[in-house]
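Enquirer: next input, structure requested:
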Amino acid sequence: MTAPGANPLEGIRVVDLSKILAGPYVTMSLADLGADVIKVEHPDGGDPTRRWGPPFNGPDAAYYLAANRNKRSVTLDLKSCEGQEAAHRLIAEADVVVENFRPGSTLQEAFRYDRLSAAYPRLVVLHISAFGETGPLRSEPGYDMVAQAAAGLMSLTGEPDGPPVKAGYAMGDLGAALFGTIGIVSALVERARTGVGQYLTTSLYESQLALHINWATSYFATGDTPQRLGSGHPSLVPYQAYPASDGHFVIAVGNDALWRRLCDLIGRPDLAADPRFHTNRDRVAHRTELNSELEKALRADTVENWCAVLKAGGIPVTPIRSLDEVYGSEQTAALGMVQSVDHPVVGPLEQVAFPVNFRGVRPTVRTAPPTLGQHNQEVLSALGYGEQDIQRLTAPRSPDDL
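Expert: Got it, this is the predicted structure:
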């Protein structure tokens with residue numbers, strides 16, 4: 001039984017017509033929060049991320065397993081009249097539809113919001129695109145790295161003298177997913193007040209602009225194009241990774257009092273007395289000179305020793321941990337962020353859980369990411385389809401081009 005307070009979207013039905021990452025991450029988040037999510041996939045192969053490996057774990061790639069738990073999978077050819085009719089039966093019982101149909105595609109036309117809204121006035125629809133609903137790029141397809149490049153993130157990531165680098169996470173997709181999830185939950189609150197559904201749109205491009213935060217406002221204030229700073233911060237120094245004798249670690253100094261304390265702890269009080277480094281404004285202006293002095297001092301000891309000394313002195317500091325260290329750490333275990341669920345083929349399957357607690361209770365990973373068409377019988381029979389109809393609807397046909 002799900003713990004009280006950890007299932008806030010219980011009773012909400014979601015039809016997931018999306019694929020890859022941004023849309024599926026939205027619907028997984030809604031499913032984590034208790035919604036009943038039905039993932040509609042093409043009978044021939046399903047979501048392309050099922051094949052985005054290695055690595056694979058059972059029949060599907062690890063990539064697919066990352067964004068599809070707590071859902072039910074149904075296979076329908078949405079380009080066929082029969083598949084569209086079945087999809088409409090699903091949508092008629094749904095509260096939310098999420099789709100990322102390619103701009104200008106036959107599927108986008110077939111599931112236009114104005115038609116869905118006329119038939120189902122309480123429906124909330126989220127459409128995710130690469131570049132948004134208007135503008136010269138509105139019809140462009142896009143993947144995460146395209147969005148990171150086009151929206152400026154790659155220009156801000158990497159060492160100053162190195163090439164542009166994409167972020168380690170899929171920030172274009174995930175940013176759009178998080179804003180899309182916020183939009184859906186907001187629209188459901190509005191619907192509870194008005195009784196009327198909503199059409200929501202977001203894009204990988206828009207989400208990246210929203211996440212520029214201080215980079216954008218600094219550009220607006222100065223007109224200067226920001227440059228890559230490696231791990232450095234544009235407005236704070238020292239606030240980055242520094243080399244020790246055996247690796248790198250992070251120091252984050254957010255005010256002048258911490259700066260003076262840092263200088264004492266590393267045996268360089270002269271740096272705090274240097275007029276070039278008195279205030280944060282001074283330190284930002286003389287970033288290169290200061291970092292050179294800090295690097296010389298910090299190379300004299302190990303990561304472990306520096307972290308111990310600085311942490312004891314109240315300086316925000318940490319080693320740079322690899323994923324094996326992160327998932328083996330006491331902190332990760334204490335938070336209960338890794339949960340295990342039984343997969344029908346793999347057996348026990350570990351998943352990173354939802355990162356919000358409700359009255360101290362974290363939503364549970366209820367079911368594993370479904371195998372392709374795992375719930376065809378269960379879902380379609382509930383819509384009134386007989387055995388022969390289900391076989392006909394779910395049989396592989398031509399590849400889709402969602």
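Enquirer: and residue 198, what are its bridge partners?
Expert: residue 124 (DSSP bridges).
Enquirer: which ones are touching it?
Expert: For residue 198, the contacting residues are 124-125, 187, 190-191, by CB atoms under 8 Å, 6 or more residues apart in numbering. In short, each C-beta sits where N, CA and C put it, glycine included.
Enquirer: now residue 341
Expert: So residue 341 contacts 69, 348-349, 351, 365-368 (CB under 8 Å, 6+ apart).
Enquirer: quick check: phi and psi on the spatially most central residue of the chain?
Expert: Among the residues of the chain, the one closest to the centroid is residue 174, at 2.7 Å (CA atoms, centre = their mean). Dihedral angles of residue 174 (phi, psi; degrees, to the nearest 10) stand at phi -70, psi -40.
Enquirer: with residue 364 instead?
Expert: With angles defined as degrees, to the nearest 10, residue 364 sits at phi -90, psi 150.
Enquirer: that one touches residue 339, doesn't it?
Expert: Yes: judged on CB atoms under 8 Å, residue 364 makes contact with residue 339 at a distance of 6.7 Å.
Enquirer: so what sits against both of those two?
Expert: residue 353.
Enquirer: which stretches of the chain form strands?
Expert: 13-16, 36-41, 56-57, 60-61, 71-75, 96-99, 124-129, 198-203, 239-243, 248-252, 317-319, 338-343, 347-352 (DSSP state E).
Enquirer: flag every buried residue along the last one.
Expert: The neighbour-count check on strand 347-352 (16 or more other CB atoms under 10 Å) flags 349, 351 as buried.
Enquirer: hmm, who's touching it?
Expert: Here strand 347-352 makes contact (CB under 8 Å, 6+ apart) with 57, 65, 69, 337-343, 365, 368-369.
Enquirer: tell me the mean pLDDT for that strand?
Expert: Averaged over strand 347-352, pLDDT sits at 98.
Enquirer: neighbouring strands - and their directions - for that strand?
Expert: With DSSP bridges as the test, strand 347-352 is paired with strand 338-343 (antiparallel).
Enquirer: same question for the first one.
Expert: The pairing partners recorded for strand 13-16 under DSSP bridges are strand 36-41 (parallel), strand 96-99 (parallel).
Enquirer: closest one to residue 376 among those strands?
Expert: Nearest to residue 376 among those is strand 36-41 (10.3 Å), distances taken as CB to CB.
Enquirer: what angle do that closest one and strand 71-75 make?
Expert: 30 degrees (axes from the mean of the first three to the mean of the last three CA atoms, to 10 degrees).
Enquirer: now strand 36-41: buried residues?
Expert: For strand 36-41, burial by neighbour count (16+ other CB under 10 Å) applies to 36-41.
Enquirer: next, format the contacts of strand 347-352 as JSON lines and append pLDDT and distance to residue 138.
Expert: Converted to JSON lines, the contacts of strand 347-352 look like this (pLDDT from 0 to 100; distance: CB to CB, whole Å):
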{"residue": "57", "pLDDT": "97", "distance to residue 138": "37"}
{"residue": "65", "pLDDT": "98", "distance to residue 138": "32"}
{"residue": "69", "pLDDT": "98", "distance to residue 138": "32"}
{"residue": "337", "pLDDT": "97", "distance to residue 138": "38"}
{"residue": "338", "pLDDT": "98", "distance to residue 138": "40"}
{"residue": "339", "pLDDT": "97", "distance to residue 138": "39"}
{"residue": "340", "pLDDT": "97", "distance to residue 138": "43"}
{"residue": "341", "pLDDT": "97", "distance to residue 138": "39"}
{"residue": "342", "pLDDT": "97", "distance to residue 138": "43"}
{"residue": "343", "pLDDT": "97", "distance to residue 138": "39"}
{"residue": "365", "pLDDT": "96", "distance to residue 138": "37"}
{"residue": "368", "pLDDT": "98", "distance to residue 138": "37"}
{"residue": "369", "pLDDT": "98", "distance to residue 138": "32"}
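Enquirer: mind showing which ranges of the stretch 251-400 of the chain have poor pLDDT?
Expert: Scanning the stretch 251-400 of the chain for pLDDT under 70 picks out the ranges 397-400.
Enquirer: could you redo the last one with a cut-off of 50?
Expert: Scanning the stretch 251-400 of the chain for pLDDT under 50 picks out 399-400.
Enquirer: give me the number of residues near residue 384?
Expert: Counted with other CB atoms under 10 Å, residues neighbouring residue 384 total 9.
Enquirer: for the closest residue to it other than its chain neighbours, grab the count of nearby residues.
Expert: In this structure, residue 384 finds its nearest non-sequential neighbour in residue 89, 7.5 Å apart by CB to CB, 6 or more residues apart in numbering. Using other CB under 10 Å, residue 89 is surrounded by 16 other residues.
Enquirer: does residue 89 touch residue 381 like I think?
Expert: No: using CB under 8 Å, residue 89 is not in contact with residue 381, being 11.7 Å away.
Enquirer: contacting residues for residue 179?
Expert: Residue 179 makes contacts with 202, 206-207, 210, as judged by CB under 8 Å, 6+ apart.
Enquirer: of all those, which comes closest to residue 262?
Expert: Using CB to CB, residue 210 comes nearest to residue 262 of the contacts of residue 179, at 33.2 Å.
Enquirer: from residue 197, how far off is the residue lying closest to that closest one once chain neighbours are set aside?
Expert: Closest residue to residue 210 apart from its sequence neighbours, by CB to CB, 6+ apart: residue 179 at 6.8 Å. Residue 179 sits 19 Å away from residue 197, going by CB to CB, to the nearest Å.
Enquirer: and residue 231, which of the strands paired with strand 13-16 is closest to it?
Expert: In terms of CB to CB, the element of the strands paired with strand 13-16 nearest to residue 231 is strand 96-99, at 35.0 Å.
Enquirer: buried ones in that closest one, by neighbour count?
Expert: The neighbour-count check on strand 96-99 (16+ other CB under 10 Å) flags 96-99 as buried.
Enquirer: determine which two of the contacts of residue 198 are furthest apart.
Expert: Spatially, the most separated pair among those is 125 and 190, at 13.5 Å (CB to CB).
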